[in-house]
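> have a look at this fold, sequence not included:
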């Protein structure tokens, strides 16, 4: 997306219309999402989470360093 200063008036109007739609539809969609979550039983939720976890393990490379290791190095530098 280009900067607002480079947009035509038609493009700006289109973005304003899009934002108005989201302001109106966002709460409706969130309500539908909450209803669906309430209706989802624990077995279905576990199956969904299992699929998400399996995909994350399959597609994510292990980190070479932990966040704790980085934090400790920052603390050591700060003490110097």
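Structure received. Just so it is clear, the structure is predicted and the values come from calculations on it, not from any experiment. Numbering: from 1, shown residues only.
> and the helix or strand of the chain with the lowest mean pLDDT, how far from the chain's centre?
Lowest on mean pLDDT, DSSP states H and E among the helices and strands of the chain sits helix 67-79, with a mean of 90. The chain centre lies 28 Å from the centre of helix 67-79; the measure is C-alpha atoms, centre = their mean, to the nearest Å.
> what of stretch 43-57?
17 Å.
> contacts for it?
With contact meaning C-beta atoms under 8 Å, 6 or more residues apart in numbering, stretch 43-57 is reached by residue 40. To be clear about C-beta, it is placed using only N, CA and C from the backbone, and glycine gets the same treatment.
> and it, what's buried?
For stretch 43-57, the neighbour count (16 or more other C-beta atoms under 10 Å) marks no residue as buried.
> start the count at 72 instead of 1 going forward.
Okay, using 72 as the starting number, the last item reads as stretch 114-128.
> now it: mean pLDDT?
For stretch 114-128, the mean pLDDT works out to 93.
> list the contacts of the least confident helix or strand of the chain.
For helix 138-150, there are no surrounding residues in contact (C-beta under 8 Å, 6+ apart).
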